[in-house]
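Enquirer: Sequence and computational prediction follow.
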Amino acid sequence: MGKITLVLTCCGMAFQTGMAQEPPKWANKARKAVFSVITYNKENQILNTGNGFYIDENGTAVSDYTLFKGAERAVVVTADGKELPVEYILGANDMYDVVKFKTAADKKIVALQPTSRPGAVSETVYVLPYSTQKAASGTHGTISKIDTISNNSFYYTLNMKTGEKTVSCPVMNAEGEVVGLVQKNSDKESTSSYAIGIGYAKSLSITALSANDFTLNTIGIKKGLPEDESQALVYLYMSSSNLSKEEYLNLLNEFIQQYPKNSEGYSRRAICYIGYGDDAHYALAEKDLQTMVEVNENKGDAYYNLSKLLYNYVLGLQGAKPYGDWTMERALKEINTALENDKQGLYYQLQGDIYFAMQKYPEAFASYEAVNRSPLASAASFYAAAKTKELIEGASKKEAIALMDSAVAKYNPPYGKEAAPYLYERARMKAEDKQFREAVVDYNLFHDAMMGQVSSDFYFIREQAEMQCRMYQQAINDINKAIEMEPKNAEYWVEKGSVHLRVNQPEETVKALNKAIELDAKNAAAYRMLGYCQVQQGKKKEGMANLEKAVELGDTVAKNLIEKYKK
């Protein structure tokens, strides 16, 4: 029998050939797996039409990405004429123009079996187009070239002519297995055509990082979840900032449906419900929180998460009335239950934070001390203990400084930016304890840790400590630096005037204070110091006038000076 050439003239037409030839036995059943795809834009207008086919009986299918780009929804029309919506996008690649998706399930989906072996050069293959006719139609040819594009993924050049109506139709081998799907040919007259291997299309998936995938995000249809549970959790996190509240809630619902024993899904959905801010959603959140505890085998972790959520909720209220018993007292009760299950440092940390918010500082300090005795001890936990110690009535400032020493000791000199906040706080505490020279040392360490990237306010604060320990030149340098960074700050000019007055530099004092008054005509302190300086210079008339101006602005010290100089 001579070689027979089959030519597909249009979708749905029978084989046309010089001699009659029966299509392969599997063709009539296989055609039911091929469908038409219709995509729609935001205005619900038809965007594109094309083909696709099922690769499993659960409704997983493949087609070309071009059909779906910019689509807000899509449907498939099966060979039996049934219209089924596309529910999820399961992966996409714009380079090879292929997309994987899932449709709503029909009673019995007929799917093509992906081949377990790659095609071979010269192997006969068949293209099976979409058809609503009972008789299958198609064309066949051979594989002329195979390119490997990744592990177990291939790109085929076919010795046959195909047209636009066969794009994304399946390429089958003689055993009735799908080898690939037809790609669009840029040369309509070419006698060659191309197909992306089914292994590549089948391997498309949603991963933890797919939430930021540009190709996927050009498709408005919702995406499926990663099949791996841990990746699905990361995907939830990554998607939370990209989706609307309603879209994110739908995604959470899908996650819970897919992973009903994962407590994180209930926790995140509870947080989402709380974001709505009404009692109806608070009630739903409470139910999810209870389920979160029930399904979590680690009860300590479950009660910790419940307590932390309540703690954050109450902090966010800023004094407003809470929902039901969602109070700090309830949060404390839940963290205490967590500690009954497992005395972790992390749990003591939260317990301390709750006590701190309740202004129960001795109890908070005890909790932070428990953290500091645990492997979780850190610069932050020692700082929390130091800050709490400061607020305990009758506590020594030196005890708080000792705790800050422990915080700083978590870092090795020369200190970097990570240590900077703790150096700054220790300097502040030392200054308040009148250890001014030691405070300046810490401020210097902070400055170096920040590589000099500090604010004008820092120079202003360090200058004040330097003045207290008579480091006058350093103080002058610092207040000048503060002014250089913020020249229109009247308070800095007043401070500069004060420094020069202290070291008996009257001309510099007058210049600085006049500048302060120029910037702020109601600055009483500037008038008082200017008046005092002028009196000392023998300019009593001008000095008394400025002192009287200070009194007018409410300065009581100036009033005493006027009484003194009137005598």
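Expert: Nice, I can see it. Numbers count the residues shown, from 1 in each chain.
Enquirer: Identify each buried residue in the longest helix belonging to the chain, please.
Expert: Taking DSSP state H as the criterion, the chain has its longest helix at helix 299-317. For helix 299-317, burial by neighbour count (16 or more other Cβ atoms under 10 Å) applies to 300-311, 313-314. For every residue, glycine as well, the C-beta is placed using N, CA and C.
Enquirer: Run through who's touching that helix.
Expert: With Cβ atoms under 8 Å, 6 or more residues apart in numbering as the test, helix 299-317 has contacts from 263, 267, 270-271, 274, 289, 292-293, 296, 322, 326-328, 330-332, 334-335, 337-339, 341-342, 344, 346-347, 350, 353-354, 357.
Enquirer: do the same with stretch 207-222
Expert: In contact with stretch 207-222 (Cβ under 8 Å, 6+ apart) are residues 42, 65, 68-74, 86-89, 91-94, 99, 101, 206, 223, 226, 230-235, 238-239, 242, 247, 250-251.
Enquirer: Stretch 251-266 now?
Expert: Here stretch 251-266 has contacts from 222, 224-225, 229, 232-233, 236, 239, 243, 268-269, 272, 288-289, 291-293, 295-296, 302, 305, using Cβ under 8 Å, 6+ apart.
Enquirer: The closest residue to residue 403 other than its chain neighbours is in what secondary structure piece?
Expert: Distances taken as Cβ to Cβ, 6 or more residues apart in numbering place residue 386 nearest to residue 403, at 3.7 Å, with adjacent residues excluded. According to DSSP states H and E, residue 386 maps onto helix 379-391.
Enquirer: that older thread, so can I have JSON lines of the buried residues of helix 299-317 showing distance to residue 452 and pLDDT?
Expert: Output for the buried residues of helix 299-317, formatted as JSON lines (distance: Cβ to Cβ, whole Å; pLDDT from 0 to 100):
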{"residue": "300", "distance to residue 452": "46", "pLDDT": "97"}
{"residue": "301", "distance to residue 452": "44", "pLDDT": "97"}
{"residue": "302", "distance to residue 452": "47", "pLDDT": "98"}
{"residue": "303", "distance to residue 452": "46", "pLDDT": "98"}
{"residue": "304", "distance to residue 452": "41", "pLDDT": "98"}
{"residue": "305", "distance to residue 452": "42", "pLDDT": "98"}
{"residue": "306", "distance to residue 452": "45", "pLDDT": "98"}
{"residue": "307", "distance to residue 452": "42", "pLDDT": "98"}
{"residue": "308", "distance to residue 452": "38", "pLDDT": "98"}
{"residue": "309", "distance to residue 452": "41", "pLDDT": "98"}
{"residue": "310", "distance to residue 452": "43", "pLDDT": "98"}
{"residue": "311", "distance to residue 452": "38", "pLDDT": "98"}
{"residue": "313", "distance to residue 452": "41", "pLDDT": "97"}
{"residue": "314", "distance to residue 452": "40", "pLDDT": "97"}
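Enquirer: Distance to residue 453 added to these, as TSV?
Expert: Shown next, in TSV, are these (distance: Cβ to Cβ, whole Å):
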residue	distance to residue 453
300	42
301	39
302	43
303	42
304	37
305	37
306	41
307	38
308	33
309	36
310	38
311	34
313	36
314	36
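Enquirer: For residue 396, state which of the residues you listed is nearest.
Expert: Nearest to residue 396 out of these is residue 311 (Cβ to Cβ; 29.5 Å).
Enquirer: follow-up on the earlier one: which ChimeraX command selects the buried ones in the contacts of helix 299-317?
Expert: ChimeraX command restricting these to the buried ones, with burial defined by 16+ other Cβ under 10 Å:
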select :263,267,270,271,274,289,292,293,296,326,327,328,330,331,332,334,335,337,338,339,344,346,347,350,353,354
